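Chemist: After the sequence you'll find the predicted model.
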Amino acid sequence: MTLTAQHLSEQQKTALITRLQALADDEIILAQRDSEWTGHAPILEEDIALANIAQDEIGHALMYLELRAALDGSNPDHLTYFRGPREYTNVQLVELPRGDWAFTMLRQYLYDAYEALYLDALRASTYAPLAEVAQKAVREEKFHLQHTALWVERLGLGTEESSRRMQDALNTLWLYTEQLFTRTQDEDALITAGITPDPATVKARWEGLVRAHLERCQLQVPTVSPLRLSRDQHREDLIYLLTEMQSTAREFPDAQVW
Amino acid sequence: MSVKTGDQWPRWEVFKKDNDRRPYQAVGSVHAGDPEHALLTARNIFVRRPAAVSLWAVREDDIVSATAETVLAEMGRDNAGKPMHGPAGVYHVGVKMTHKRSMTFVDLIGTVDATDAADAMRQARELRPDALAWWVIPDSAIARTEDSEDTVESWFAPAAEKTYKQQQYYGTIGRHVGELKRAGLMPRQVNETPVLGAKHVRPRLEADADAPNPIAQPMTQSTAQPTAQPPQVTE
């Protein structure tokens, strides 16, 4: 059965708004971190490539926020530029400081693999507008994944230094991956109705995919348990990230054109 | 895996095919460590907006080029002074026919069977004697994106839906150049006195060569020029 906004119960609507905002927040914060490389990436080609990836992620965030706007009349710009760190619901994986190139590429790879698989599952959403958005976004995500998988491989199998940096990055980042697959508030109501995929199912596919690739790249997945975090918990880093990202909007709240 | 030349990654020429009816066209180059990396960066740089269905990347070392002016083909050397060596087999022929188009350098017009690069160049020149420049590329040197539906969908399809925002879409910070011109605040000719705020700066003359440049004033006075005058500014 295909659902539209009129078919949603109040509980489903609220839960969907929470999930859409979580999806958008991950994209926004990751894109902001990626954009910190603009003008600083190791070579010009990768500088442009990462800026492209960041813009694509922002584009996905906008699609989610427009779906939210259709449900509650919220304003995507306002949600992005005028919420504080306590109101953001992104995972900590994306707010960790940018680190070196190995860290950046590995984080992006782990995230791209998650997003590509999440979107792949989301294509089957019974909520028609969401299935449509997933269908669009998944294409770009598959390309991102190819690009970042290549970097993980080249650095993992590269020199002693590049492989050490990759392994260091993996030791840190792996702890933060669990959070991508935790359910949002009342998400059960969405999963039962086939509106959003069960994160546990996505996680099973994700683990299979990334573990195989990391192994191919001679990287050791840490054996310690990943951190169990809620989307309300943030690092201090998010405060500084938002301060910079929102500074212009907050300085000129009445600006008409961006 | 990767091929290094000095401390730079090698340069790859990128060819883009807009649709099934168009030829592969040279669109520019990327530096990359290997063929797959070259294609990935090429997609990011050359296919974010415009339409495309396929990309090729070829290391510059594998391309033999010649121009009508030099006709170095006769001497067995190409534009870069390299001998026209290359394997026997299929070569792609690229030609530059006009100076008019700024985005496209060379279109690939077809293939020839040749005994080596010099032979391919000879055939290319026979094929299009009126070209401004010819490129010949061994088929074996080309890195290609896959033709699978999945690759076309993820590499190329999203670009078709993205639109440009023209510059005038954005507001202007400060005053627009056109407005300054209409108000007579912009110099019309290069030798006209430029306006810097409310002050007119005296144009720098040949005879002033030894005087301090009023624009590029050093932060501190050089001890070698204790008598240097401050820039002359007239109201």
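Modeler: Structure received. Residues are numbered from 1 along each chain as shown, chains lettered A, B, ... in the order given.
Chemist: Do a quick rundown of the strands in chain B.
Modeler: Along chain B, counting by DSSP state E, strands occupy B:11-17, B:24-31, B:54-59, B:64-67, B:89-96, B:107-114, B:133-138, B:142-144, B:195-196, B:199-201, B:233-234.
Chemist: Most tightly packed of those strands?
Modeler: When the strands of chain B are scored by mean count of other CB atoms under 10 Å in any protein chain shown, the highest mean neighbour count falls to strand B:133-138 (a mean of 26). For glycine as for every other residue, the C-beta is placed from the backbone atoms N, C-alpha and C.
Chemist: Touching that one from outside, list them.
Modeler: When contacts are defined by CB atoms under 8 Å, 6 or more residues apart in numbering or on different chains, strand B:133-138 is touched by residues B:26, B:58, B:62-68, B:79, B:86-87, B:89-96, B:106, B:108, B:112, B:114, B:117, B:120-121, B:124-125, B:128.
Chemist: Can you add mean pLDDT and distance to residue A:107 and give the strands of chain B back as a markdown table?
Modeler: Output for these, formatted as a markdown table (pLDDT from 0 to 100; distance: least, CB to CB, whole Å):
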| stretch | mean pLDDT | distance to residue A:107 |
| --- | --- | --- |
| strand B:11-17 | 96 | 27 |
| strand B:24-31 | 94 | 24 |
| strand B:54-59 | 96 | 27 |
| strand B:64-67 | 88 | 42 |
| strand B:89-96 | 96 | 40 |
| strand B:107-114 | 96 | 39 |
| strand B:133-138 | 94 | 38 |
| strand B:142-144 | 96 | 28 |
| strand B:195-196 | 56 | 47 |
| strand B:199-201 | 50 | 51 |
| strand B:233-234 | 42 | 54 |
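Chemist: In a markdown table, list those along with distance to residue A:76.
Modeler: Below are those laid out as a markdown table (distance: least, CB to CB, whole Å):
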| stretch | distance to residue A:76 |
| --- | --- |
| strand B:11-17 | 33 |
| strand B:24-31 | 34 |
| strand B:54-59 | 33 |
| strand B:64-67 | 50 |
| strand B:89-96 | 46 |
| strand B:107-114 | 43 |
| strand B:133-138 | 47 |
| strand B:142-144 | 39 |
| strand B:195-196 | 42 |
| strand B:199-201 | 46 |
| strand B:233-234 | 50 |
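Chemist: Which of these sits closest to residue A:114?
Modeler: Across these, residue A:114 has its closest neighbour in strand B:54-59 (27.2 Å, CB to CB).
Chemist: anything in that closest one near chain A?
Modeler: No - in terms of CB under 8 Å from any CB of the partner chain, no part of strand B:54-59 sits within range of chain A; the closest distance is 11.6 Å.
Chemist: helices and strands around that strand, which ones?
Modeler: Contact analysis of strand B:54-59 by 3 or more CB pairs under 8 Å, 6 or more residues apart in numbering or on different chains; DSSP states H and E lists strand B:11-17, strand B:24-31, helix B:35-46, strand B:142-144 as its packing neighbours.
Chemist: out of these, nearest to residue A:70?
Modeler: Here helix B:35-46 is closest among the helices and strands packed on strand B:54-59 (CB to CB), at 31.6 Å.
Chemist: how far off strand B:11-17 does the closest one point, in degrees?
Modeler: Angle between the axes of helix B:35-46 and strand B:11-17 is 60 degrees (criterion: axes from the mean of the first three to the mean of the last three CA atoms, to 10 degrees).
Chemist: tell me the mean pLDDT for helix B:35-46?
Modeler: Mean pLDDT, helix B:35-46: 94.
Chemist: Who are the packing partners of it?
Modeler: Packing contacts for helix B:35-46, counted by 3+ CB pairs under 8 Å, 6+ apart, involve helix A:44-72, helix A:128-156, strand B:11-17, strand B:24-31, strand B:54-59, strand B:142-144.
Chemist: returning to what we had before: I'd like to know which of the strands of chain B is closest to residue A:84.
Modeler: strand B:24-31 (41.0 Å).
Chemist: Specify the local secondary structure of residue A:27.
Modeler: Put simply, residue A:27 is helix when judged by DSSP: H, G, I helix; E, B strand; the rest coil.
Chemist: what's the burial count for the closest residue to it other than its chain neighbours?
Modeler: Distance criterion CB to CB, 6 or more residues apart in numbering or on different chains; nearest residue to residue A:27, sequence neighbours excluded, is residue A:61 at 3.8 Å. For residue A:61, the neighbour count with other CB atoms under 10 Å in any protein chain shown is 25.
Chemist: For residue A:61, list the residues it contacts.
Modeler: Residue A:61 is in contact with A:23, A:24, A:25, A:27, A:28, A:31, A:80, counting by CB under 8 Å, 6+ apart.
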